[in-house]
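>>> let me see the structure of the following:
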Amino acid sequence: MTVFNYEKDANGIVTVTMDMSGPVNAMNTEYDAAMTSTVDRLENESGLAGVIIASAKKTFFAGGDLHEMLKWQKGMESQAYDYVMDNKELLRRLENLPVPVVAAINGAALGGGYEICLACNHRIAWDSRAVILGLPEVTLGLLPGAGGVVRLTNLLGLQKALPFLLEGKKASSAQALKVGLVDELVSSVEDLVPRAKAWILENGKNESACVQPWNVKGYKIPGGRASSPALAQLLMMAPVQLMQKTRGLLPAPEAILNVAVEATRLDYDAALRVETRSFIPLVTGDVAKNMISTFFQMNEVNGGKSRPKGVAPSTVKKLGVMGAGMMGQGIAYVSALAGIEVVLKDVSLESAEKGRAYSEKLLDKSVARGKIDTAKKEAVLALIKPSVDESDLQGCDLVIEAVFEKLELKNKITQTSESCLTDQGIWGTNTSTLPITRLAQASSRPDNFIGIHFFSPVDKMPLVELICGEKTSDETLAKAFDFTRQIRKTPIVVNDAVGFYTSRTICTGMQEASAMIAEGIHPVRVDNLGKALGWPVGPLTLHDEVSQKLMLDIVNTQIEMGLLRPEDDSTPEGTAVIKTMFHDHQRGGRYHGGGYYDYSEEGKVIYPKLLELYYKSNYEISDQDIKDRLLFRPVIETLKCLEEGVLRSVSDGNIGSLMGIGAPTWTGGYIQFVNTYGLEKFANRCEELAAAYGERFRAPTIVAEKIKQGKTF
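Model (predicted):
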């Protein structure tokens, strides 16, 4: 039995309904066989009047099989090229049929799914939220390899196509109709095939209905070809803007731009070959493999891989947030946006109302941008209640304490407010460094106590780090996990330790940058090479934003608690720079008037005294050593967290590093970086760095163990 159901009606219209094995339709070996036999049959069908491509799944077509793509390695380029060209040829034959071909789109058509739609003469979609269209391959380090770049550029023109190609932009059914991704909509899914048949009958005698526009001699691409004066500015600026965005670290956007431009210069079939030649180095390269691995691991994390099994799902109906400062107000906003009733409590009503005003400001922006209407804004605001009254917290399913990083203050709030929870309620503390087990000692129910670490700004940062203390129960972890998904965030789960995972790891890059300052390296060089790695900002700029004062306060608190000893510092030179700048020169970070940089409306400049104290113009070190030191430090720390059991899984480590601490996208996460770098090569480079710069670069034992086992992480 074929997985493409083939039905011909009395009018000569064939409906091909894709119903492949598994939950979705996808481009794989099963698809190859089914599409080949289907196209063969269509080409030989007598009395054929038209063709409808439909789906029996909830999604129209999911795209390429990423598991298969991961198998394509360097050295397999010729084999991969032939495979892709064969795949392209099937769609080329489909669009060259002498009858109209219509896509009846009942659900998501992304990547290869939308490429099938583009090979049809007419596209009809169900007007539903279930329908999402686009070519998101760039987000996986790839380009649309089944003709998507060439066809979309020919269909929309270069300028309109580029956002969908370079950004992986997706469109709803209504948006798709507006920009031309589909030709018409129907109000119900049941109307799709009947409407497709009606269109074929209405246009059966119209020659243009069965000819793709780019197959017509003299076809003019919307907006003009690359040589058009109208595109001159776009073609001049696009490469520059792309380089500013990717810093040359992501090859897919550059390849896509090149193919799209060539699609406006070359004849259609030649452009398809260029697309394939550009696709092959991407699919066999490390960057795509890293980004595809990230995609799978993200699905694992969000799908509940780290959530305790056997615990019933839960939702939070009423949330208490203790502290209406920067973190508390952000937590209140994202929770109310998810439909949760929020009590925002602070020491004064004025402070609590100020925290609620933060949500109003963000909602006003959403209204102005057309993302929500006024009614939605008012409904969300109505869910946030500013308060100073302890009794308002009664009946909360969850309370999140989000006050200053002071052990005594957090303990006091736990002791005075914990009784407001329901019998099944849990207590969460938003701390970035203080040990959960120590904080839970103030609780009468330590099994219901968990760390819920948000990242600033909460409305934009997608990650939440859940930290389990020694007594945190599986039920508590499951509830915190469910809450995180309820507010549309990604939860990673870690065990208790000083700094947990994210705070502990992000500090290493900043500390290494400070150590480089102590050695005599110019601060601008350090920052620029940090950005060249793919970090959002340089490590010194990040340190200024985080604030040196905060880092010193945290270290001092941990020393007072007996959690750290001064001699445990792996970068004493870097710490000495921070202390000197703070204590002797009052440089506590940007918020405190300046740090490594002075800040003004015109921008930032290096604090002159920093150069006087440390910069050595004759100090010699290669750019590669600087970049490796900045990258290897957080990678090594991540591996230590995995080795020590702070990280519960490789997936949590990779996703946490990408979404919480700014690991470069091309790495696929700090642990995945080691896999594609090569474990033996990584261990050898660590030895070189350790010999030159100190024991902090020694590879953790877990690396040698994996090498011995012949495994990767």
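>>> from here on, contacts and neighbour counts on C-alpha atoms
Fine.
>>> next helix or strand past the longest helix seen in the chain?
Longest helix of the chain, by residue count under DSSP state H: helix 623-644. Once helix 623-644 ends, the next helix or strand along the chain (criterion: DSSP states H and E) is helix 650-660.
>>> now do that next one: distance to the chain's middle.
10 Å (CA atoms, centre = their mean, to the nearest Å).
>>> which outside residues touch the helix or strand just after that helix?
Per DSSP H and E, helix 650-660 leads on to helix 670-677 as the next helix or strand towards the C-terminus. The contact list for helix 670-677 (CA atoms under 8 Å, 6 or more residues apart in numbering) reads 286, 290, 293, 634-635, 638-639, 650, 653-654, 657-658, 663, 667, 682, 712-713.
>>> buried ones only from the residues you listed, please, as a PyMOL command.
To isolate the buried members of the contacts of helix 670-677 in PyMOL, using 16 or more other CA atoms under 10 Å:
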select buried, resi 286+290+293+634+635+638+639+650+653+654+657+658+663+667+682+713
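>>> does residue 186 touch residue 192 like I think?
Yes - applying CA atoms under 8 Å as the test, residue 186 and residue 192 come out as touching, 6.5 Å apart.
>>> follow-up on the earlier one: could you check the angle helix 650-660 makes with the longest helix of the chain?
In terms of direction (axes from the mean of the first three to the mean of the last three CA atoms, to 10 degrees), helix 623-644 departs from helix 650-660 by 130 degrees.
>>> which residues do residue 186 and residue 192 both contact?
By CA under 8 Å, 6+ apart, the residues touching both residue 186 and residue 192 are 124-126.
>>> would you map the helices across the stretch 451-600 of the chain?
Assignment of helices within the stretch 451-600 of the chain using DSSP state H, counting those that start in this stretch yields the ranges 474-486, 502-519, 523-532, 539-546, 548-560, 572-579, 585.
>>> re the thing from before, what residues of the longest helix of the chain count as buried?
Result for helix 623-644 [16+ other CA under 10 Å]: buried residues 626-642.
>>> quick one: distance of it to the chain centre.
21 Å.
>>> please apply the same query to stretch 223-237.
On CA atoms, centre = their mean, the centre of stretch 223-237 falls 32 Å from the chain's centre.
>>> swap in stretch 695-703?
With CA atoms, centre = their mean as the basis, the mean position of stretch 695-703 lies at 29 Å from the chain mean.
>>> again with stretch 479-496
Taking mean C-alpha positions (CA atoms, centre = their mean), stretch 479-496 and its chain are 16 Å apart.
>>> ok, residues contacting that stretch?
301-302, 306-307, 313-316, 334-335, 337-338, 426, 435-437, 450, 452, 462-470, 500-501, 645-648, 652, 655-656.
>>> same question for it, mean pLDDT?
The average pLDDT for stretch 479-496 rounds to 98.
>>> any idea how far apart the tips of that stretch sit?
Start and end residues of stretch 479-496 are separated by 18 Å (CA to CA, to the nearest Å).
>>> next, residue 242: secondary structure please.
helix (DSSP: H, G, I helix; E, B strand; the rest coil).
>>> ok, now residue 343?
Applying three-state DSSP: residue 343 is strand.
>>> who's in contact with it?
318-321, 384-387, 392-393.
>>> make CSV from the residues you listed and add pLDDT to it.
Listed next are these as CSV, based on pLDDT from 0 to 100:
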residue, pLDDT
318, 97
319, 98
320, 97
321, 97
384, 98
385, 97
386, 97
387, 97
392, 95
393, 95
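>>> which one (most neighbours) among those?
When neighbours are taken as other CA atoms under 10 Å, the top entry among these is residue 320 (30 neighbours).
>>> that's a helix at it, yeah?
No - under three-state DSSP, residue 320 sits outside any helix and is assigned strand.
>>> looking at the helices of the stretch 451-600 of the chain, which is nearest to residue 707?
Closest approach to residue 707 among the helices of the stretch 451-600 of the chain (CA to CA): helix 502-519, 23.5 Å.
>>> what about residue 266, neighbour count?
Neighbour number of residue 266 under other CA under 10 Å is 13.
>>> so it belongs to a helix, correct?
No - counting by three-state DSSP, one finds residue 266 to be coil, located in no helix.
>>> if we can go back for a sec, could the contacts of residue 343 go into CSV alongside distance to residue 602?
CSV is the format used below for those (distance: CA to CA, whole Å):
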residue, distance to residue 602
318, 45
319, 42
320, 41
321, 38
384, 38
385, 40
386, 38
387, 40
392, 46
393, 46
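>>> was I right to think residue 702 contacts residue 639?
Yes - using CA under 8 Å as the test, residue 702 is close enough to residue 639 to be in contact (7.4 Å).
>>> quick one: contacts for residue 627?
529-530, 533.
>>> just residue 437 next, same as before
Residue 437 neighbours (CA under 8 Å, 6+ apart): 469-471, 496.
>>> first vs last residue of stretch 437-450, how far apart are they?
Stretch 437-450: ends 9 Å apart by CA to CA.
>>> any idea how far stretch 533-545 is from the chain center?
The answer for stretch 533-545 is 19 Å, by CA atoms, centre = their mean.
>>> can you pull the alpha-carbon coordinates of it into CSV?
In CSV, the C-alpha atoms belonging to stretch 533-545 read as follows (Å, rounded to 0.1, in the frame of the first residue of the first chain):
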residue,chain,number,x,y,z
LEU,A,533,33.7,34.3,18.6
GLY,A,534,30.0,35.0,18.2
TRP,A,535,29.2,36.3,21.7
PRO,A,536,26.5,39.0,21.6
VAL,A,537,28.8,41.5,23.3
GLY,A,538,32.5,41.5,24.3
PRO,A,539,33.3,39.9,27.7
LEU,A,540,34.4,43.2,29.3
THR,A,541,31.3,45.0,28.1
LEU,A,542,29.2,42.2,29.5
HIS,A,543,31.1,42.5,32.8
ASP,A,544,30.3,46.2,32.9
GLU,A,545,26.6,45.3,32.3
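>>> got the contact list for it?
Against stretch 533-545 from outside (CA under 8 Å, 6+ apart): 246-247, 249, 509-510, 513-514, 523, 526-531, 588-591, 594-597, 627, 631, 662-666.
>>> just the buried residues of those residues.
Buried among these (16+ other CA under 10 Å): 246-247, 249, 509-510, 513-514, 523, 526-531, 588-590, 594-597, 627, 631, 663-666.
>>> what about residue 337, neighbour count?
So residue 337, with other CA under 10 Å, has 22 neighbours.
>>> let me redo that: residue 15
25.
>>> and it, which of the three is it?
strand.
>>> what helix or strand is the nearest residue to it once chain neighbours are set aside located in?
Nearest residue to residue 15 in three dimensions, chain neighbours excluded: residue 52, at 4.6 Å (CA to CA, 6 or more residues apart in numbering). Taking DSSP H and E as the criterion, residue 52 maps to strand 50-55.
>>> partners of that strand in the sheet?
strand 13-18 (parallel), strand 101-105 (parallel) (DSSP bridges).
>>> so for the longest helix of the chain, what's the average pLDDT?
97.
>>> report the inter-axis angle for it versus helix 670-677.
Using the same axes, to 10 degrees: helix 623-644 against helix 670-677 is 120 degrees.
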